[in-house]
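Enquirer: prediction below, plus the sequence it came from.
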Amino acid sequence: MTKFIIRRLLLAIPTLLGVTFFVFLSLRLVPGDPAIALAGELATPELIQQVREELGLDQPIPVQYANYVFRMVQGDMGQSIRSRLPVTEEIQQRLPRTLTLASVSLLVSSMIGIPIGVFAATRPNSWFDGGSMIFALLGISMPIFWLGLMLMILFSVLIPQWFGLAGPLLPPTGSGTWQHLVMPVIALAANSMALQSRMTRSCMMEVLREDYIRTARAKGQRERIVIYRHALRNAMLPIVTIIGLQFGTLLGGAVLTETVFAWPGIGRLLVDAIGFRDYPIIQGTVLVIAVGFVLTNLIVDVLYAYLDPRIQHR
Amino acid sequence: MKRRIPLFLAVILVASVFFVAWQPSAEAQDMKTLTIASGTDIENTDIHTVTSSPSFSVLEHIYEPLFEMTEEGDLEPLLAESITASGDTSYTIELRQGVTFSDGSAFNAEVAKANLDYVLDAENGAVFRFLVVVGGEPATVEVVDEYTIEITTSIPFAPLPAHLSHGALAMVAPAELEQGAEFMATNAIGTGPYVLTEWNRAEEVILDRNPNYWGEAPAIDRVIFKVIPEAGARIVEVEAGTVDVAVRVPPADIARLEANPNVDVVVTPGLRTIYIFFNVTEPPFDDVRVRQAVNYAVDKQAIAESLFDGAARVSDAPIPPAVFGYAAQEPYARDVERARELLAEAGIEEGTTVTLYHPTERYPQDALVADAVRAQLAEVGLDVELRTLEWPQYVPHVRREQPENDIQFAMLGWGTVTMDADYGLFALFHSSEHPPGFNGAFYTNPDVDALLDEARSTLDSEARQAAYADAISIIWEDAPWLFLYSEIQVTAIRNNVSGFVVHPDESLIATYADIEE
């Protein structure tokens, strides 16, 4: 297993190099000049040229890329064009926030979503099954943006009004306390929970029709054990895959939630940087997101072996 | 059971991380705190490299320039006491005595010179260096005595004090200046009423009262600029009372907020004018009748009402009213008949195609405004093709030099940040400023040139005002632009807050504010 992990980590290096190369190249192919964005509408051509030289943008693209990779392996991801602060510092500030939001929402969503799916699968066509699947459909269909604002109005304006509270029940935006986490987590979890419960339900229903489940029941195993040990464990493989993918996506993609709730995460950093053609920040964040994806995939693969001992990683 | 334990532990672990790491910071409850919901974070704390108004809003509480432009457009001394012309191109500035920086160091002529020299040194990359580069030549600064400096420019330059009032030319403590740009990007030591306490990137900037401030002490102990990018969320915050001020209220929310008894909606004219310039050297817009026809054809009032819910002011001059030198003209009211007559006189056939360039997501509703212009020009027989470019590409494209510049007309905005007409008119209408300058219309009128030159050469504000009024009236008649509107800032303020200033230059000033608990 250790050998497998090491091999996978080594394989990640060319993957990540490829990511940096494509991001680097595509940024240079997109029209728009960060020197102009930086110098602003007040800039003279001389100032723009000076900024361009300062940023090294006057050099040929292969030279720029070589410089970039050379500095990166030394741990220097460059300096943000907009804030003029080191990229590593900018990312260090944002990454923990994104990780917190992503992991808490996934934890909450799987702690609710998976049991709902199991429950629905074991009682197909019951009112609970129908109800939970309508709930799931709602969760998938509600735009996070809209849900976020509705939650905010409910918890921060309406509920205090109805009950005559002095202040809002939950702080509408920002981060810093666990209260700040509640609404963004609900908004994010609503969506991933829906997907997880639907996935669990269909996988469980499939597994429950398998011969070994019939065997387990036939030998008089308690239903609880049949469902949780025999069925769920086997149904978990695709669910773990989905959760892994969701986590990877949340690392870079919780932009809407981060924007609505003014959550200072990495998604907002990236989107702001794209608008400003802040090359070093874009390159840095995409790289971090890619690393996150690679690591998540690795963890998912390791979990496979744990869930299904027949899978041997060599 | 075996498998439950790791899960259980994980939950406990995550939960404990929260309760430890996310403890609310021990905030002093007895502090008078004013929280401002800003749309954007500051870029950094180096006054020489930031360009956005949210950055200046924060930093102008910490740093002070030599002069200040009040929200009424009056130029007043701040760290200076007076300015006098000591020759045709030399200006003597007496500095305020007894001012110290928040690190205890003294402010004097040497420090003022060091600050201006830092900006003037092109190596340092100060974005607003052009404010002290006059007639193409950098100004020079001499120390006369401990509290007097003399600034010499290559040409007579009356707008100098207005330029010196810009936040980017504020005075930075010598200890900080010596450490260089990297240090200044995260540290701020100034002479202002507040000091920088904390900057949590993309979240908030916390300022606390400077106990050793040389001027009158502000009533608010702590000012928090909280970054909330989404306008809807800012509105919820101000309604919930979790912030005291919310910037950039979307026009659609104005009515709802006005109905809220706890919130006041404050409307402030801005400094940015939105316009569409014509290339006056190429047909069809080389004919003044065609340019006037377009001005008559477009219903600016309808654009302001339908696209901005009234939060835009129809232009009656090329510069907005808050700017020194503004002189109101008779707006080109919508007159389709008149426009058609003028086009016919100029020999423009029905269905002539013209191409309009416009940016998108740069100015509020920019693409929608361009489309409204297209629709209204169709009514007078001009067939407008729209071309959209993203901002970083847009400016270099529409401001190319002749002859490769094939722009017929294009939308832009211009903020007269110094609040002096020189900045709003010279760069845009003087014939010496053709691209690569900012006169993208390639507009040339010797009378306008002479008036703009004259207004630069005297400190006599009445004479300057008169020259600008004449220049504006000629420009209005020549119509090198389709004059559109100037932006209006809409701010929501809790009604227990008094004295809060929303400056036309988009600065938010908490220094004179108070809050009733």
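Expert: Looks like it arrived, so ask away.
Enquirer: use CA for all of it now, contacts and neighbours both
Expert: Will do.
Enquirer: how about B:Gly440: what's its closest non-neighbour residue?
Expert: B:Arg399 (5.7 Å; C-alpha to C-alpha, 6 or more residues apart in numbering or on different chains).
Enquirer: the one you found and B:Pro436 touch, don't they?
Expert: Yes: in this structure B:Arg399 lies within contact range of B:Pro436 using C-alpha atoms under 8 Å: 6.8 Å.
Enquirer: and the two? which has more neighbours close in?
Expert: B:Arg399 (21 against 16; other C-alpha atoms under 10 Å in any protein chain shown).
Enquirer: wait, what's in contact with the more buried one?
Expert: Neighbour list for B:Arg399: B:Asn405, B:Pro435, B:Pro436, B:Gly437, B:Phe438, B:Gly440 [criterion: C-alpha atoms under 8 Å, 6 or more residues apart in numbering or on different chains].
Enquirer: one more time with 10 Å, if that's ok
Expert: B:405-407, B:410, B:434-442 (C-alpha atoms under 10 Å, 6 or more residues apart in numbering or on different chains).
Enquirer: select from these the entry with the lowest predicted confidence.
Expert: Lowest pLDDT within the contacts of B:Arg399 is found at B:Pro436 (72).
Enquirer: and it, how far from chain A?
Expert: From B:Pro436 across to chain A, the span is 7 Å (C-alpha to the nearest C-alpha, to the nearest Å).
Enquirer: likewise B:Glu137?
Expert: 13 Å.
Enquirer: excluding sequence neighbours, find me the nearest residue to B:Glu350.
Expert: B:Gly381 (4.7 Å).
Enquirer: just give me the neighbour total for the one you found.
Expert: 17.
Enquirer: so where is the stretch 251-400 of chain B shaky, pLDDT-wise?
Expert: Within the stretch 251-400 of chain B, the segments meeting pLDDT under 70 span B:392.
Enquirer: near chain A, which residues of it are found?
Expert: Taking C-alpha under 10 Å from any C-alpha of the partner chain, the part of the stretch 251-400 of chain B that reaches chain A is made up of B:Glu361, B:Leu389, B:Glu390, B:Trp391, B:Pro392, B:Gln393, B:Tyr394, B:Val395, B:Pro396.
Enquirer: and if we set it to 8 Å?
Expert: B:Glu390, B:Trp391, B:Pro392, B:Gln393, B:Val395 (C-alpha under 8 Å from any C-alpha of the partner chain).
Enquirer: what lies in contact with the helix or strand B:Ala162 falls within?
Expert: Element membership for B:Ala162 (DSSP states H and E) is helix B:160-164. With C-alpha under 8 Å, 6+ apart as the test, helix B:160-164 has contacts from B:65-69, B:75, B:83, B:131-132, B:170, B:418-420.
Enquirer: at 10 Å instead, please
Expert: B:65-69, B:73-77, B:80, B:82-83, B:91, B:93, B:116, B:128, B:130-132, B:134, B:151, B:153, B:169-170, B:324, B:417-423, B:456, B:459.
Enquirer: now that helix - C-alpha only, PDB.
Expert: What follows is helix B:160-164, C-alpha atoms only, in PDB (Å, rounded to 0.1, in the frame of the first residue of the first chain):
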ATOM      1  CA  LEU B 160      -1.100  71.600  -8.700                       C
ATOM      2  CA  PRO B 161      -2.800  72.000  -5.300                       C
ATOM      3  CA  ALA B 162      -5.800  69.900  -6.600                       C
ATOM      4  CA  HIS B 163      -3.300  67.300  -7.700                       C
ATOM      5  CA  LEU B 164      -1.600  67.300  -4.400                       C
END
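Enquirer: any idea how far the longest strand seen in chain B is from the chain center?
Expert: When chain B is parsed with DSSP state E, its longest strand is strand B:263-278. When distances are taken as C-alpha atoms, centre = their mean, to the nearest Å, strand B:263-278 is centred 10 Å away from the chain's centroid.
Enquirer: contact residues of the stretch 401-517 of chain B facing chain A?
Expert: B:Leu412, B:Gly413, B:Trp414, B:Gly415, B:Ala427, B:Pro435, B:Pro436, B:Gly437, B:Phe438.
Enquirer: among those residues, which lie within strands?
Expert: Reading strands off those with DSSP E, I get B:Leu412, B:Gly413, B:Trp414, B:Gly415.
Enquirer: which residues touch the last one?
Expert: With contact taken as C-alpha under 10 Å, 6+ apart, B:Gly415 is in contact with A:41-42, B:270-274, B:319-320, B:423-424, B:486-487, B:505.
Enquirer: what about 7 Å?
Expert: B:Leu271, B:Arg272, B:Thr273 (C-alpha atoms under 7 Å, 6 or more residues apart in numbering or on different chains).
Enquirer: which of those tops the neighbour count?
Expert: B:Leu271 (27 neighbours).
Enquirer: mind listing the helices for the stretch 101-250 of chain A?
Expert: A:127-141, A:144-152, A:159-162, A:178-208, A:211-218, A:223-225, A:233-253 (DSSP state H, counting those that start in this stretch).
Enquirer: what's the longest strand of chain B packed up against?
Expert: helix B:254-259, strand B:409-415, strand B:481-494 (3 or more C-alpha pairs under 7 Å, 6 or more residues apart in numbering or on different chains; DSSP states H and E).
Enquirer: now the last one: mean pLDDT?
Expert: Averaged over strand B:481-494, pLDDT sits at 94.
Enquirer: residue of the stretch 101-250 of chain A with the smallest distance to chain B?
Expert: A:Thr177 (4.5 Å; C-alpha to the nearest C-alpha).
Enquirer: so what pLDDT did that residue get?
Expert: For A:Thr177, the predicted pLDDT is 84.
Enquirer: low-confidence ranges, chain A, go.
Expert: If you take pLDDT under 70 as the line, chain A has these spans: A:31-32, A:37-47, A:253, A:313-314.
Enquirer: so B:Ser82: helix, strand or coil?
Expert: strand (DSSP: H, G, I helix; E, B strand; the rest coil).
Enquirer: counting neighbours, what do you get for the nearest residue to B:Ala170 once chain neighbours are set aside?
Expert: Nearest non-adjacent residue to B:Ala170, counting by C-alpha to C-alpha, 6+ apart: B:Pro65, 3.7 Å away. Applying other C-alpha under 10 Å, we find 24 residues neighbouring B:Pro65.
Enquirer: how close does A:Gln74 sit to B:Ile474?
Expert: Computed as C-alpha to C-alpha, to the nearest Å, the A:Gln74 to B:Ile474 distance reads 61 Å.
Enquirer: now do B:Lys226
Expert: 45 Å.
Enquirer: which one's more surrounded, those two?
Expert: Per other C-alpha under 10 Å, whichever of B:Lys226 and B:Ile474 has more neighbours is B:Lys226, with 26 against 14.
Enquirer: picking that back up, rounded mean pLDDT for the next helix or strand after the helix holding B:Ala162, please.
Expert: Per DSSP H and E, the first helix or strand lying C-terminal to helix B:160-164 is helix B:174-179. Regarding helix B:174-179, the rounded mean pLDDT is 94.
Enquirer: gap between helix B:174-179 and the chain center?
Expert: 27 Å.
Enquirer: check stretch A:84-100 too.
Expert: For stretch A:84-100, the distance to the chain centre is 15 Å (C-alpha atoms, centre = their mean).
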